[in-house]
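Asker: What shape does this take:
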Amino acid sequence: MHQEKANIRPFSHPLSPADKLRRQIRAVLLAMSALTGVVAATAFFIAGAKAMLAASCGGLSQIAAVWVYGRVARNDGIPAPNAMLAQFLLAEIVKIVVALALLVAGYVIFGANAVWFAAAFVAALAAYLLVLVLK
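Answerer: As a prediction, this is how the structure comes out:
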């Protein structure tokens, strides 16, 4: 019996933590953008253009927070475990501060349409959690 050798080259190189993080952030940003678009379209058809703008900004505020997280947590190579943990904790703190600042700004700026702002913010946050749970 003749057996062929399996081509395992694509599987033989494990992803570095930096590559894994980039892929996760890309997937999260894509899902967040899609849900923000759905909420913004719903807001437009129900309450008009100002509600759509509020919903878009609500989703974008969470998207911006995740993007900032990705920039702060970025590293090349494999750092020491304690340095990597410190970097991720700093990135998480920065993400939370950015998200809260943009959330407060959205409530102040959009007033009556703050419900749509919050709806898109929560939808984007749900997409963030859903992608991380599914990956």
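Asker: Going by C-alpha atoms from here, please, whenever you check contacts or count neighbours.
Answerer: Noted.
Asker: what element comes up after the lowest-mean-pLDDT helix or strand in the chain heading to the C-terminus?
Answerer: Scoring the helices and strands of the chain by mean pLDDT, DSSP states H and E places helix 9-12 at the bottom, with a mean of 55. Downstream of helix 9-12, the first helix or strand assigned by DSSP states H and E is helix 17-47.
Asker: Give the buried residues for that following helix.
Answerer: 17-18, 21, 24-25, 27-44 (16 or more other C-alpha atoms under 10 Å).
Asker: pLDDT weak spots in this structure?
Answerer: Within the chain, the segments meeting pLDDT under 70 span 1-17, 76-79.
Asker: can you rerun that using 90?
Answerer: For the chain, the stretches with pLDDT under 90 are 1-28, 47-51, 53, 57-58, 60-62, 65-92, 94-96, 98-119, 121-122, 124-135.
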